[in-house]
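> Build the 3D model from these lines:
(chains A and B)
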Protein chains: 2
Amino acid sequence: MIVGIIGGGQLAQMLAMAGQPLGIRCLFLDPAPDACARTTGELLCGDYGDDRLLDELARRATVVTYEFENVPEAGLRRLASRVSVHPHPQALALARDRWHEKRLFADLHIPTPPFVAVDTRADLERALAITGWPAVLKTRTMGYDGKGQRVLRGPADVDGAFAALFGAPLILEGFVAFDREISVVAVRSATGDVRFYPLTENVHRNGVLVQSQARPGDPMTARAEDYVGRLLAHFAYVGVLAVEFFQKGDTLLANEMAPRVHNSGHWTMEGAETSQFENHLRAVLGLPLGATHALAPSGMVNFVGRLPEASAVLAVPGAHLHVYGKVARPGRKLGHATVRAPREPDVQDALARLRVLAEAGGTI
Amino acid sequence: MIVGIIGGGQLAQMLAMAGQPLGIRCLFLDPAPDACARTTGELLCGDYGDDRLLDELARRATVVTYEFENVPEAGLRRLASRVSVHPHPQALALARDRWHEKRLFADLHIPTPPFVAVDTRADLERALAITGWPAVLKTRTMGYDGKGQRVLRGPADVDGAFAALFGAPLILEGFVAFDREISVVAVRSATGDVRFYPLTENVHRNGVLVQSQARPGDPMTARAEDYVGRLLAHFAYVGVLAVEFFQKGDTLLANEMAPRVHNSGHWTMEGAETSQFENHLRAVLGLPLGATHALAPSGMVNFVGRLPEASAVLAVPGAHLHVYGKVARPGRKLGHATVRAPREPDVQDALARLRVLAEAGGTI
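Next comes the predicted model:
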């Protein structure tokens, strides 16, 4: 059984590792010859729009999925005409444009921060009248890990931000002074079986996720699952879907969705009965979904820009190290560690271990 | 970091998979071009005694280890003169000869069934006078999974058994009408840190392990760990060591030791904080050992001769499937499944799931 994956980064790598015990092989398409997933499967090296490689992927794979949103639509359409593609390319097309994405949230009565499409300088002035200050100007597409966005705290920031981002279609969003950031990772099978992982509380720094904690039984769970369930049903979605929310008081505002496995779900590798990676594979291949409950108080820290010594991480009880084999660069995600609290669940203890790991990674 | 592994079967494959998240690559030496580990690392294909390949292994690997006992001693000596080899070849040499192995148990005051070396038909008669009936005639080397042994229930069995096994050095052992079979999987670091996994209760059929259950807190734990601790100390052992015992009343009789990861420790992949595979790699590479406690009531069933449908296994809550990618043959281990009981530990529930898996695999 071969699963084709558009993209060969760490998400593809972790999908492939989850597939190995099940006898599932992965075939990656990525333009980078040193794409880190290459150690866990076969790499087709070339452009995402390369018809010859897309056709090879379609011919050899049972099903094709992807590890990131920024895939050219023409290539996806070509693929989908030749092989099963999950999640549906429509979900991908929507998620890659912040404006369409927020329009869908609004259509499904999922609250969002105020948002306005911006194409011209005049649009931006009108949009600021709607959002008020501060606001965030973002490119509608190709943004990730805090790239392609500027915070406008007052009129003095407007010209610089517009000049920096102008040229791409833009969106202005009201700035949310949130109490916390949460995400929901869910999985849906082709037969409509839906499972939610425990709600996850996230910490970002410079737009990059640095830490997640699973929050089983969190009081916002029912509301968040209701919102994510609407999206799953809308697309008759197949696979893992992650949705990030800002929480302010008891309001959840949807920030963005990712039609794929998600960094805030990495704690599930050791912390949940079935990892998000295995469940994504199970879903796209039509296998029964696995249970999503947390095994113990669990969390994750990202190692960004530099990796700690392996021995420092492995000396922490309950810590599990994941290194991606990527060349170190500032701001680049190079690995992560999960931590699972010991047998007698003790949340404070789990948090203390998470702090040690974050210090090891320099991410707090 | 490259770990060389003598052998490219499923144990090597699972070691390699445990190494991937840690950035550890594995390099296998195996005579079979279709050795199943090849999908998880690089395979040097050739004889275990091939000096050129052994030298390549020594040159490229940080440390060399093995997945089975039946490795020629000359090759191991050659390797050990060029690269670190763990566990120590002395432990391997001992474990591959049942008579030397049992002599060591006796020297360390670890009880065993009665045993006598047998080279001639006359030796066999004298040996039977010591063991009494029934007894088991075994080859001293190269036996595994019940191969190379015959049960002697009475004088009528003697000629046939001797004729079948004669030619190899033999050992006669008293037959133990055991209450149960247990094993201890332990790991020791180069600095003398020793960790024991919970004692495991095993069921064999036709000499092949078909089912294991973790027994944390088992009343025989202290005695079994004492015995295994003597072996670890004797060898100043580095890596995972497994020892199988027969229990009769409150007596433990050592049956055999395996200087490697062991089938009865497969439940640790999902059932323990750190798997036996990861801990073996940590030990041989000088990394801190991971915790060995069970996460929940856990067990494992082997799929021997045929694999069940993946969907039948994955539909069992808490089941995790491992297929090795080997061609099916009668009596051949093709895969296994572990089961981990749900959040609220319920041993009866775990046992019920284990039964469903064993039925799926036709192994009960």
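> Tell me, how many residues neighbour residue A:11?
By the measure other CB atoms under 10 Å in any protein chain shown, the count of residues near residue A:11 is 26. Quick note: C-beta positions are derived from backbone N, CA and C, even for glycine.
> Which residue is the nearest non-sequential neighbour of it?
For residue A:11, ignoring the flanking residues on the chain, the nearest one in space by CB to CB, 6 or more residues apart in numbering or on different chains is residue A:67 at 3.8 Å.
> In chain A, where is pLDDT below threshold?
Counting by pLDDT under 70, chain A has low-confidence residues at A:143-146, A:343-347, A:350, A:362-364.
> nearest spatial neighbour of the residue nearest the centre of it, skipping sequence neighbours?
When chain A is reduced to its mean C-alpha position, the nearest residue by CA atoms, centre = their mean turns out to be residue A:262, at 3.1 Å. Of all residues not flanking residue A:262 in the chain, residue A:242 sits nearest, at 3.3 Å (CB to CB, 6+ apart).
> got a list of what the one you found touches?
Under the criterion of CB atoms under 8 Å, 6 or more residues apart in numbering or on different chains, the neighbours of residue A:242 are A:183, A:184, A:185, A:186, A:257, A:258, A:260, A:261, A:262, A:264, A:265.
> mind running it again at 6 Å?
Under the criterion of CB atoms under 6 Å, 6 or more residues apart in numbering or on different chains, the neighbours of residue A:242 are A:183, A:185, A:258, A:262.
> Cross these against strands and list the overlap.
Applying DSSP state E to the contacts of residue A:242, the entries found in strands are A:183, A:185, A:258.
> returning to what we had before: how about the residue nearest to the centre of chain A, phi and psi?
Torsion angles at residue A:262 (phi, psi; degrees, to the nearest 10) stand at phi -140, psi 140.
> ok, now the one 3 residues further on?
Dihedral angles phi and psi of residue A:265 (degrees, to the nearest 10) take the values phi -100, psi 10.
> quick one: contacts for it?
If you count contacts by CB under 6 Å, 6+ apart, then residue A:265 has A:185, A:276 around it.
> 8 Å instead, please
Residue A:265 sits next to A:183, A:185, A:197, A:200, A:240, A:242, A:276 when contact means CB under 8 Å, 6+ apart.
> sec struct for residue A:330, please.
On the three-state scheme (DSSP: H, G, I helix; E, B strand; the rest coil), residue A:330 is labelled coil.
> thinking again about what came up before, export the contacts of residue A:242 to a markdown table and tack on distance to residue A:100?
What follows is the contacts of residue A:242, written out as a markdown table (distance: CB to CB, whole Å):
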| residue | distance to residue A:100 |
| --- | --- |
| A:183 | 20 |
| A:185 | 22 |
| A:258 | 14 |
| A:262 | 19 |
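> Could I have the buried ones of these as ChimeraX selection syntax?
A single ChimeraX command suffices to select whichever of these are buried according to 16 or more other CB atoms under 10 Å in any protein chain shown:
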select /A:183,185,258,262
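> Out of the contacts of residue A:242, which comes closest to residue B:247?
Nearest to residue B:247 among these: residue A:185, at 44.9 Å, using CB to CB.
> distance of the closest one from residue A:226?
Counting by CB to CB, to the nearest Å, the separation of residue A:185 from residue A:226 is 15 Å.
> Then residue A:329?
The gap separating residue A:329 from residue A:226 is 40 Å, by CB to CB.
> and chain A, which residues reach chain B?
Proximity of chain A to chain B is confined to A:17, A:20-23, A:25, A:39-40, A:273-274, A:282, A:287-288, A:290-291, A:293-296, A:310-311, A:314-315, A:317-318, A:320-323, A:325, A:335, A:340, A:342-343 under the rule CB under 8 Å from any CB of the partner chain.
> could you flag which of these are buried?
When burial is judged by neighbour count using 16+ other CB under 10 Å, the buried members of these are A:17, A:20-23, A:25, A:39-40, A:273-274, A:282, A:287-288, A:290-291, A:293-296, A:310, A:314, A:317-318, A:320-323, A:325, A:335, A:340, A:342-343.
> In terms of helices and strands, where is whichever residue of the stretch 151-300 of chain A sits closest to chain B?
In the stretch 151-300 of chain A, the residue that lies nearest chain B is residue A:288 (4.3 Å; CB to the nearest CB). For residue A:288, there is no host helix or strand (DSSP states H and E).
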